[in-house]
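[1] Kindly return the folded structure for what I paste below:
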Amino acid sequence: MKKKLLVGLSWLLIFSMSTQAQSLFGEVVTVLENNGCTNGYCHGNNAGGLDLSGSNTDIYNNLVGITPSNEAAMMKGDLLIAPGYPERSFLYRKVNKGAYHDSDLTGGEMDAMPPNDTELSARDKEVIRQWIYFGAKQSGNPMGTDNFQAMEDYFADGGIDPVERPEPPAEGEGFQVHLGPVFLPPGEEVEYLKKFELQLEENTEVNRIELFMSDFSHHFILYKFKNEEVANYRKDGVRVVSLAGENPFGSDTELVSVWQDDRDFILPEGTAFKWRAGTELDMNYHILNYSTTNVLAADVYFNVYTQEDNTAIKEMFSGLMLNLGIYIKNDNKEDVETDVIDLNFPYNIWAVSSHTHKYGKDFDVYLENQDGSKGMQIFEGKYDSDYTSPVDVYDYAHPPFRTFDKFLRIPPSQDLIQEAVYINDGPRDVNFGITTDDEMMLTALLYTRGDDHQELAEFNELPDVICFTDGPVEILKNYESGAVGNGVIGNMFYPELAGIGSHMLLVNCCEEDQLREVVIEVIPYSDLDLAFSVDYDTNPPLLTLDPIAIDGPFTIQWYLNGAPIDGAVSDILFASENGEYQAEITKENECPSRSEKQTVETSVGSGLDDVNAHSVVVAPNPFVNHTNVAFTLEENANVVIEIVNVSGKVVQSVVQENLNIGDHTTRINLDLVSGMYFINLKINGELSAVEKVIKN
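    The predicted structure follows:
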């Protein structure tokens, strides 16, 4: 019995190993056989001489690298199977049947396979597509056993779907490229490279690249090979990245751009990337499946917008400035790494971004001073991804991307300094590496070379001194960005962001004959203990500044919901509307001091409902020169009618003594400036009713 059991286990082990050793092409052959594609049924009446009979080797040799007999497909340059290109593989496009837009049949390419209403399952189509993507090899499974199983699980049980295909450029305006999907098990990470021949027949210019990728993407980087010869050294299909093998940091490629989130790169007017005829791209896709339960099907689309060659005035270039020498100890302490960026030629920076992995806590870029120290800061990592507002933390997965529509002009003698801050709270020391468990330090730059073709930026007149609490001031007249310095976002200087002290702003950096320097001093808020009380016994409520000793002349201004109240410049104020009130005092030659905001609720407009049941009616309201005040007395009384401005000052009054019980109407002529006023009805010295009126 034991011997028989061992034999049985051996047979089971051999069977299991042979199943796992099944090549990816073997899976494809199984798909073809199961769907009748090794006989005439799958091909239909339009087989065109396609022969998929015989051994696996026969089938492989009849497919891979073979020109199709269909004239329309042949004219496109398709092969029956083009390794790395399912969208250019005629056999795959025959079975695609709408699964992927880039692989649909077009006019003259006859019927799909299998014929009529039958079609391969989504899983079977994907097996063929993945085989082609990973190089259409006859042996082995370059997709990897785990990723193949992830694909099986995705089509059996679902998972995280690919992105929805975006609208491509209009015909004649560009083209769309699709990479993927690629399948990852839960919690797995992978980084791929894939060569892509553009099939450009003539030189062209690219002025915009719009990218859409899975939310689980760590980054997408687009390179182009320097020439056809070096591109031929790279194999077709998806290549797994490693520092020791396939990696994107060699000298064979040139950077186009970096995406760490969906972004539409619209290059400045007059600039473009220049792509020669026959250009081949290298697409670098880094994916991390954050889900612990779901399979990820990740993909990327990017739209490339083109224009005729020699349209742009300046060519746009890109570069990754790497610090390969970083070493971060796992001591949970702050580690600051610095590196000098030297391009050795005059350049004009359009865009700056950064890249670290998960231990990165900040990333900054500075101009270097002549003594090698850090000078003016041109990039701050603790901003949102669009570089429109500061944030509390550096988001390594979505770092800021700063652009200058007015390029920063950097002469050849001017270097940059990149500085990154790390805190390694992980299980080990880390060096520069590919995965997010390693670390990186690099600055991405997009720039033009030589003299900038744009007009010089022009300053607005800026104050020498500005209060810490003042709003932003516009820096440039003719550009939305282009200045650098503390507190600068886009084209605005924010004193609160810059902080107390003197700040230098640079425009047309950094040639001496073009450079403009401006120093703005931000001075602090006045330190006055300013507060006010609210009296709800009046209607409307009366706001009164608390007593405070102030030396020298000063002015008062009240605010409602952050906006100044016209004419509210005394130490008291009737709260005419619900909202947040705030008082401000400004001493001569000093910044203002403001109280805390207080929410005040009022029911002004109906008079007092609970005082002797008196009522008042004012008409007309609004009025021009006069109005009538009507009221009813329930007993004989002395009456005073007061007209009060928004500051609480009585500007006019009418006294009527010994009025009898009954209805009364008093005409009041008002020679006042336009605005809001209150009419107070006082009966026997007590405030009986209030009405808000408007003088036109």
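
[2] And for Val624, nearest residue in space, chain neighbours not counted?
    Among residues not flanking Val624 along the chain, Asn696 sits closest, at 5.4 Å (CB to CB, 6 or more residues apart in numbering). Glycine gets a C-beta too; all of them are placed from N, C-alpha and C.

[3] now do Phe148
    Asn141 (6.2 Å).

[4] Relative to Arg234, how far out is that neighbour?
    Distance from Asn141 to Arg234, counting by CB to CB, to the nearest Å: 21 Å.

[5] try Val352
    With CB to CB as the criterion, Val352 and Arg234 are 29 Å apart.

[6] Between those two, which is the more surrounded one?
    Val352 (22 against 18; other CB atoms under 10 Å).

[7] count of neighbours near the closest residue to Gly482 other than its chain neighbours?
    Sequence neighbours aside, Lys406 is the residue nearest to Gly482 in space, at 2.4 Å (criterion: CB to CB, 6+ apart). For Lys406, the tally of surrounding residues (other CB under 10 Å) stands at 25.

[8] Now find how far off-centre whichever strand or helix holds Lys406 is within its chain.
    Using DSSP states H and E, the secondary-structure element containing Lys406 is strand 401-410. Averaging C-alpha coordinates over strand 401-410 and over its chain gives two centres that are 18 Å apart (CA atoms, centre = their mean, to the nearest Å).

[9] got it, and stretch 670-677?
    50 Å.

[10] mind checking the end-to-end distance for that stretch?
    The distance separating the two terminal residues of stretch 670-677, taken as CA to CA, to the nearest Å, comes to 11 Å.

[11] Stretch 584-599 too?
    End-to-end distance of stretch 584-599: 16 Å, with CA to CA as the criterion.

[12] ok, back up a step: let me see the contact set for the residue nearest to Gly482.
    Lys406 makes contacts with 454, 457, 476, 479, 481-483, 507-508, as judged by CB atoms under 8 Å, 6 or more residues apart in numbering.

[13] Leu243 too?
    433-434.

[14] same thing but 10 Å
    By CB atoms under 10 Å, 6 or more residues apart in numbering, the residues touching Leu243 are 249, 324, 431-434, 438.

[15] go on, Asp102?
    Residues near Asp102 by CB under 10 Å, 6+ apart: 85-88, 93, 96, 165, 168, 176-178, 301.

[16] from those residues, which ones fall inside helices?
    Residues of the contacts of Asp102 located in helices (DSSP state H): 93, 96.

[17] Narrow the contacts of Asp102 to just the buried residues.
    Using 16 or more other CB atoms under 10 Å as the burial test, these include 85-88, 93, 96, 168, 176-178, 301 as buried.

[18] possible to save those as a markdown table with distance to Tyr285 and pLDDT?
    What follows is the buried ones among the contacts of Asp102, written out as a markdown table (distance: CB to CB, whole Å; pLDDT from 0 to 100):
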| residue | distance to Tyr285 | pLDDT |
| --- | --- | --- |
| Tyr85 | 16 | 97 |
| Pro86 | 16 | 97 |
| Glu87 | 17 | 96 |
| Arg88 | 19 | 96 |
| Arg93 | 23 | 95 |
| Asn96 | 22 | 95 |
| Pro168 | 19 | 97 |
| Gln176 | 16 | 97 |
| Val177 | 12 | 97 |
| His178 | 12 | 97 |
| Tyr301 | 12 | 97 |
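
[19] Distance of the nearest residue to Leu530 once chain neighbours are set aside relative to Asp364?
    Taking CB to CB, 6+ apart, and ignoring the residues beside it in sequence, Leu530 has Ser595 as its nearest neighbour in space, at 4.4 Å. Between Ser595 and Asp364 the distance is 37 Å, computed by CB to CB.

[20] How about Ser139?
    With distances taken as CB to CB, Ser139 is found 50 Å from Asp364.

[21] of the two, who's got more company?
    Asp364 (20 against 12).

[22] what's the closest non-adjacent residue to that one?
    If you skip the residues right next to it in sequence, Asp364 has Glu419 as its closest partner in space, 5.0 Å away by CB to CB, 6+ apart.

[23] my guess is the one you found contacts Glu368, does it?
    No. Counting by CB atoms under 10 Å, Glu419 does not reach Glu368; the two are 11.0 Å apart.

[24] Which neighbours do those two have in common?
    Shared contacts of Glu419 and Glu368, counting by CB under 10 Å, 6+ apart, come down to Lys374.

[25] show me what contacts the nearest residue to Thr253 once chain neighbours are set aside?
    Once its chain neighbours are removed from consideration, Thr253 has its nearest residue in Tyr223; the separation is 3.9 Å (CB to CB, 6+ apart). The contact partners of Tyr223, by CB under 10 Å, 6+ apart, come to 193, 195, 248-250, 252-257, 280-284, 318, 320.

[26] change it to 8 Å
    The contact partners of Tyr223, taken as CB under 8 Å, 6+ apart, are 248, 253-256, 281-284.

[27] how about those residues, which pair is most distant?
    Glu254 and Met283 (13.7 Å; CB to CB).

[28] who's more crowded, those two?
    More neighbours surround Met283 than the other of Glu254 and Met283, with 21 against 14 (other CB under 10 Å).

[29] list the contacts for that one?
    With CB under 8 Å, 6+ apart as the criterion, the residues that contact Met283 are 177, 179, 192-196, 220-223, 300.

[30] residues contacting Val421?
    When the contact criterion is CB under 8 Å, 6+ apart, the partners of Val421 are 334-337, 360-363, 394.

[31] Which members of those residues occur in strands, if any?
    334-337, 360-363 (DSSP state E).

[32] Return the member of those residues nearest to Gly54.
    The nearest one, if we look at the ones in strands among the contacts of Val421 relative to Gly54 and count by CB to CB, is Gly360, at 55.6 Å.

[33] hey, what's the closest one bridged with?
    Tyr422 (DSSP bridges).

[34] quick one: contacts for it?
    For Gly360, the contact set (CB under 8 Å, 6+ apart) comprises 381, 394, 396, 420-422, 439, 441.

[35] Could you do Ser121 as well?
    The neighbourhood of Ser121, defined by CB under 8 Å, 6+ apart, consists of Phe155.

[36] Next one: it, what pLDDT does it get?
    Confidence per residue is given as pLDDT, and for Ser121 that number is 95.
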